[in-house]
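J.: predicted coordinates and the sequence they were generated for:
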Amino acid sequence: MMDRFPKFPRIFRGEEWKPLEIKSEQLEAIVSRLLSEFNLDFRELKRIENGDMLAIATNKLGEETKSLVRVRSYTIGLDEEDVEDLYEDMLEKEATSAIFITSSHFTKGAKKFAKHVPIRLVDGVELGKLLSEYEKPKAEFAFLSRLTDGEVVRYFRGGEKRKFLGISPARKIEEIDKRYIPLGHFSMKKITGDVETVANLYVDLNSGNVLYMEENRIEENNFIKKILDLPEESRAHLLDLMEHGELDYEHLKGKPLDILEKKGLIGIHERGRGEGILDILTNEITSTVSIATSELTSTTHKAPTPGERAVVKTKQVRTTIEKPTIDTSFDLGHFIESAEVDPSFTPDPINYSSEDVLNILKRVYRGNEVSFLGMIYLPYYRCKYVSDAGVTRFERLFAPKFKPFVPKPGMYRGIYRLIDRFPAIPYLVIGLGYLLLNLDKLEYVIHVFSSAFIFLFMAVVVGILLKVIFKTERRIPRYGGTIAKYGFPSIHTLASIGGIAFIYFVDPMFALLLIPLGLLYMYSRIKIGVHSDVDVIGGAIVGIIIGIFCGIYVLNIYLDPAIETILGALFFIAPLILTVMELRMR
């Protein structure tokens, strides 16, 4: 801790400071933006003595912290002693950081001192830029919450008993806040031939994250935030890389590129490594022609042999950020009801400019006509818990009111949840029962399981191929960023109904017993909203075709006993592996 020195009158001090008038909403937005540099989430701003303020925030562990905020107007520059005074006051208030905002400027000594302590300085030039960013129109509409105030209170009261890190804490509710997230609504129009497609996406202007739907949840993608948080030159380099794919290291090297590398946003490699066959052949042909030309045109110098060729490797830079394909899952307005703004909710401060987001989208998604359509609020509830030990934690609750076609949360429970998450379990149990009942015909049973695995393999492969070909979007988004995000056909239905057709050739009565289970699978896919009627009916038809083919041809092909034993074992193992893979994609 820095030693405290006695304060002496500042003889040469000019005009005393004056309060700097900034609208409370703008000041909160600026403080929130600055605290994010300390990895703190802003909560509220409290005025204290001498015109100073305490910013209450939480760290990444959810613990409450305090930051001293000083906002003053001077006609002269602020020197090192002014910043030292702020630092001493920060320690006295037991704050972990401090922010000094002024309409004037800071001397070199002041800036040097601030570099070694947790103090953020904002001079008049930067303040002007920040204020211009937050002079934004308010939203006229907001998405709706499906919960009443009473339901929200009951939910958070349950949180008083919920475990944290496996420990049941003794904590009480101090306050519940109704808040709005400010969302920027952007549209992306693309014309391909005579077809015009329009996609919508919503960006949280408080956090910088892009929001999207996954099943009945709202998820976040931070690819835009990573770009927004960069210094201007580093941001320009990264956008160039995202636009052009790969650039020469020599043209980009410097501090901006070093920042990108330290943040893990780029990869640097040498050209020549991992080249494809065509690249190698092209290089060899070019080199051979060069050698031949040298032999014909030079009589005094020996042409280089292939073994003597100088290999010149150049460093290349490419970005590691993957931009998502903007589809219906990013269109929150397609899934959530909206209405006029409720004045009982408090909007979060805007930390990011819609203009900056718009410019980034235009660069990243070239070929699209990107437009900013305005703002809309997303409601959420924030509860402040205080433990007996005085530890403060915050918990957020999102409960948007979905449109009627989106299944209610209760639909994901019970039998529908079992079929959705573990579709193979009922059939594996039936398979084990069939094995135990027919142990006296073990060789034939192994052959049946071997043929069943081939059917299952064909069903999954054909289903995935059809998804890639048709690329129909699901009613409710799922498996975003993978080929499984497409709807047609329903592989659950394809396998369950097709399995009935296949089993009919093994045992017709057994196949009849499987019909209710197959129909339940079909109905469940529509009920929970992950597939349309067309997806399910199409999946059933394709499944029946594959099942009949396997029943007529595959079932009558007998392979080597060892191979059939392996395939029979895979009938039980492969579905479990697929289930684990599917759950990881969610």
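T.: Thanks, I have it.

J.: now for the closest residue to residue 439 other than its chain neighbours: which residues touch it?
T.: Using Cβ to Cβ, 6 or more residues apart in numbering and skipping the chain neighbours, the partner closest in space to residue 439 is residue 445 (7.8 Å). For every residue, glycine as well, the C-beta is placed using N, CA and C. Shown in contact with residue 445 (Cβ atoms under 8 Å, 6 or more residues apart in numbering): 434-435, 438-439, 568.

J.: ditto for residue 174
T.: 384-386, 392.

J.: identify the farthest-apart pair in the contacts of residue 445.
T.: 439 and 568 (13.7 Å; Cβ to Cβ).

J.: mind putting the contacts of residue 445 into JSON lines with neighbour count and pLDDT?
T.: Shown next, in JSON lines, are the contacts of residue 445 (neighbours: other Cβ atoms under 10 Å; pLDDT from 0 to 100):
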{"residue": "434", "neighbour count": "17", "pLDDT": "89"}
{"residue": "435", "neighbour count": "16", "pLDDT": "90"}
{"residue": "438", "neighbour count": "13", "pLDDT": "87"}
{"residue": "439", "neighbour count": "8", "pLDDT": "88"}
{"residue": "568", "neighbour count": "21", "pLDDT": "92"}
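
J.: residue 216 touches residue 407, doesn't it?
T.: Yes - Residue 216 lies in contact with residue 407 (Cβ atoms under 8 Å); the separation is 6.8 Å.

J.: mutual contacts of these two, please.
T.: residue 476.

J.: confidence score at the nearest residue to residue 428 once chain neighbours are set aside?
T.: Using Cβ to Cβ, 6+ apart and skipping residues adjacent in sequence, the residue nearest residue 428 is residue 572, 6.0 Å away. Listed pLDDT for residue 572 reads 91.

J.: tell me the contacts of residue 405?
T.: Counted by Cβ under 8 Å, 6+ apart, residue 405 has contacts 475, 529.

J.: distance check, it against residue 532.
T.: In this view, residue 405 and residue 532 are 10 Å apart by Cβ to Cβ, to the nearest Å.

J.: which neighbours do those two have in common?
T.: residue 475.

J.: thought residue 434 was touching the residue nearest to residue 428, still the case?
T.: No - look at residue 572 against residue 434 with Cβ under 8 Å: they stay out of range, at 11.7 Å.

J.: following the helix ranked longest in the chain, which helix or strand comes up?
T.: Scanning the chain for the helix with the most residues, using DSSP state H, yields helix 442-470. Using DSSP states H and E, the helix or strand that follows helix 442-470 in sequence is helix 491-504.

J.: do you know the pLDDT at the residue nearest to residue 439?
T.: Residue 445 is given a pLDDT of 93.

J.: likewise the one 4 residues further on?
T.: Model confidence at residue 449, expressed as pLDDT, equals 95.

J.: now do the contacts for it.
T.: Contacts of residue 449 by Cβ under 8 Å, 6+ apart are 431, 435, 567-568, 571-572.

J.: now the most centrally placed residue in the chain: closest residue in space that isn't a chain neighbour?
T.: By Cα atoms, centre = their mean, the chain has its centre lying nearest to residue 221, at 2.3 Å. Closest residue to residue 221 in three dimensions, ignoring its sequence neighbours and counting by Cβ to Cβ, 6+ apart: residue 210, at 4.5 Å.

J.: contacts only, for the one you found.
T.: Here residue 210 is in contact with 201-204, 220-224, 324, 330 (Cβ under 8 Å, 6+ apart).

J.: tell me if residue 121 really is in a strand.
T.: Yes - Residue 121: assigned to a strand according to DSSP: H, G, I helix; E, B strand; the rest coil.

J.: hmm, residue 109 and it touching each other?
T.: No - look at residue 121 against residue 109 with Cβ under 8 Å: they stay out of range, at 11.8 Å.

J.: between these two, point out the one with more neighbours.
T.: Neighbour comparison, residue 121 and residue 109: the larger count goes to residue 121, with 22 against 15 (by other Cβ atoms under 10 Å).

J.: if I look at that one, how far off is residue 37?
T.: 12 Å.

J.: picking up where we left off before, and the contacts of residue 210, which are buried?
T.: Neighbour counting by 16 or more other Cβ atoms under 10 Å classes 201-204, 221, 223-224, 330 among these as buried.

J.: turn those residues into a markdown table, including distance to residue 243 and secondary structure.
T.: Listed next are the buried ones among the contacts of residue 210 as a markdown table, based on distance: Cβ to Cβ, whole Å; DSSP: H, G, I helix; E, B strand; the rest coil:
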| residue | distance to residue 243 | secondary structure |
| --- | --- | --- |
| 201 | 19 | strand |
| 202 | 23 | strand |
| 203 | 19 | strand |
| 204 | 24 | strand |
| 221 | 19 | strand |
| 223 | 14 | helix |
| 224 | 15 | helix |
| 330 | 21 | helix |
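
J.: now the two most distant members of these.
T.: 202 and 223 (14.2 Å).

J.: low-confidence ranges, the stretch 251-400 of the chain, go.
T.: 271-313 (pLDDT under 70).

J.: can you rerun that using 50?
T.: The stretch 251-400 of the chain contains residues with pLDDT under 50 at 273-274, 291, 293-301, 308.

J.: where do the helices sit along it?
T.: Using DSSP state H, counting those that start in this stretch, the helices found in the stretch 251-400 of the chain span residues 255-262, 277-297, 332-335, 354-364.

J.: name the element residue 180 belongs to?
T.: Short version, using DSSP H and E: residue 180 is in strand 171-192.

J.: list the buried residues for that strand?
T.: 171, 176, 179-188.

J.: go through those residues and name the one nearest residue 492.
T.: Out of the buried residues of strand 171-192, the member with the shortest distance to residue 492 (by Cβ to Cβ) is residue 188, at 32.0 Å.

J.: which residues does the closest one contact?
T.: The neighbourhood of residue 188, defined by Cβ under 8 Å, 6+ apart, consists of 198-201, 326, 361, 365, 368-370.

J.: before we move on, what about residue 30?
T.: Here residue 30 is in contact with 22, 101, 122, 127, 130-131, 134, 349 (Cβ under 8 Å, 6+ apart).

J.: quick one: secondary structure of it?
T.: Under the three-state scheme (three-state DSSP), residue 30 adopts helix.

J.: ok, now how distant is it from residue 400?
T.: The value you get for residue 30 to residue 400, if Cβ to Cβ is used, is 29 Å.

J.: equivalent analysis for residue 332, please.
T.: 8 Å.

J.: ditto for residue 440
T.: Using Cβ to Cβ, residue 440 is found at 58 Å from residue 400.

J.: and residue 177, by the same measure?
T.: For residue 177, the distance to residue 400 - Cβ to Cβ - is 17 Å.

J.: now do residue 115
T.: Counting by Cβ to Cβ, the gap from residue 115 to residue 400 is 44 Å.

J.: those two: which has the busier surroundings?
T.: Neighbour totals were compared for residue 115 and residue 400, and residue 400 leads with 23 against 8 (other Cβ under 10 Å).

J.: tell me the contacts of the more buried one?
T.: 143-146, 218, 335-337, 378-379.
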